[in-house]
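Peer 1: sequence and predicted structure are below.
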Amino acid sequence: MSVRSAPEANRIAFMSKTTSREIRLTTRPNGLPTAANFTLGQVALEPLQDHQVLVRNLFMSVDPYMRGRMNEGKSYVPPFELGKPLEGGAVGEVVESRASGFKPGDAVTSNFGWREYFIAAPAELHPVNREIQPLSVYLGALGMTGMTAWAGLKLVEVKAGDVVYISGAAGAVGNVAGQLAKLRGCRVIGSAGSAEKVRFLRKECGFDAAFDYKAGPVLEQLNRAAPDGIDVYFDNVGGESLEAALSALRVHGRIIACGGISGYNAEKPTPGPSNLFNMITKRLTMKGLIVRDWLDRQDEFEHEAGGYFRAGKLKNKETVVEGIEQAVGAFIGLFSGRNVGKMVVKLV
Ligand SMILES: NC(=O)c1ccc[n+]([C@@H]2O[C@H](COP(=O)([O-])OP(=O)(O)OC[C@H]3O[C@@H](n4cnc5c(N)ncnc54)[C@H](OP(=O)(O)O)[C@@H]3O)[C@@H](O)[C@H]2O)c1
């Protein structure tokens, strides 16, 4: 008869009870995803091996880029596999560790979102400071979306005095891009999809001007906000906003090509801007951004953004939806502007 030590017995008792719910992609969406494209499944976790860590997710991220991974075909990241759990950013706490450097209670970020628990190798985890609360900030202003905003401004060397126009401005990337551009001494204009969001940009994020892109033609509203033109366009949206920005940009203006959410659910390719010729006549520069290319500068971002955050100069605005059962609805809600700031799902 073998005699197990108390911690070992507890561990086995815990493991035998632990199951994790997860969201799986069952069919590829055509157009706007619906709940029928997903299922909520359950798995029993394998016993922990040496050099592995068991993590319980506290918050998970839903992001527009995930829509692209739901399509078949190669992009800059592989498509999600049918029948498998989705992946994405998450922040959680270590429950059990058989790896050096991690102990129960540690807070970590990972790409194992869309599930309640997971087992990972240390290299798949990024430790974060648990004293900063709520931990969802590591999915927003101090996480991937905040870093996208920070990297975008670096990409085209945004500097004091620039007039910067940001579309999708009340979202996760947009509101941080605006706040950071203000901290760099820029004049900042934002567009978003409701009067409430416009107020948020003006009153809470310090934007100099903001407008509701649904309330009238974007170019007319942009021209009113920036009668002398803009130097930089931070594009989160594409479509009409990109076309308006091409018209409003000054000579040698710069565009950060970050996202094009207005086209993510298009069932066939949409024509590009009708005024692309402005690139030539105004000698414009348009640079594509993939935040993952900047991971070697994550420490620099965390130092700068973390400093602003602790000093109260950078706010983390979020919309929190509770429960893994609500995650699909939260994701679909991104396409109708249900979120102000970062959309996160609270799992515990
Ligand atoms: N390149 C990268 O590495 C990278 C990294 C992260 C994100 N991104 C991109 O950056 C953009 C913003 O991402 P996020 O995470 O910050 O999302 P988000 O802005 O927090 O959420 C999406 C927002 O897009 C707006 N929207 C939805 N449909 C729209 C439409 N047809 N026209 C205009 N606006 C629309 C909605 O706000 P309204 O109420 O204002 O419509 C919604 O709240 C996305 O395009 C995303 O793919 C790129």
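Peer 2: Looks like it arrived, so ask away.

Peer 1: got the residues of the stretch 201-348 of the chain near the ligand?
Peer 2: 236-237, 258-262, 289-291, 334-335, 337, 339, 343 (CB under 6 Å from any ligand atom). Every C-beta, even on glycine, is put in place using the N, C-alpha and C of the backbone.

Peer 1: for the ligand, what are the nearby residues on the stretch 1-150 of the chain?
Peer 2: 63, 64, 65, 145, 148.

Peer 1: what's the most distant pair in those?
Peer 2: Spanning the widest gap among those are 64 and 148, at 11.2 Å by CB to CB.

Peer 1: look at the two and report which has more neighbours.
Peer 2: Neighbours per residue, other CB atoms under 10 Å: of residue 64 and residue 148, the larger number sits with residue 148, 28 against 20.

Peer 1: residues contacting the closest residue in space to the more buried one that isn't next to it in sequence?
Peer 2: Leaving aside its sequence neighbours, residue 148 sits nearest to residue 291 (CB to CB, 6 or more residues apart in numbering; 4.4 Å). Contacts here follow CB atoms under 8 Å, 6 or more residues apart in numbering; on that basis residue 291 touches 144, 147, 148, 151.

Peer 1: what do you get for residue 324?
Peer 2: 21, 22, 23, 40, 60, 114, 115, 116, 345, 347.

Peer 1: now that we have those, which of them are buried?
Peer 2: 21, 22, 23, 60, 114, 115, 116, 345, 347 (16 or more other CB atoms under 10 Å).

Peer 1: low-confidence regions, the chain specifically.
Peer 2: 1-17 (pLDDT under 70).

Peer 1: can you tell me how far the residue nearest the centre of the chain is from residue 38?
Peer 2: Centroid-nearest residue in the chain: residue 145, 3.9 Å away (criterion: CA atoms, centre = their mean). Going from residue 145 to residue 38 by CB to CB, to the nearest Å gives 22 Å.

Peer 1: likewise residue 278?
Peer 2: 41 Å.

Peer 1: okay, those two: which has more neighbours?
Peer 2: Higher neighbour count among residue 278 and residue 38: residue 38, with 21 against 18, using other CB under 10 Å.

Peer 1: look up the closest residue to the more buried one, ignoring the ones flanking it.
Peer 2: Using CB to CB, 6+ apart, the nearest residue to residue 38 is residue 328, at 4.8 Å.
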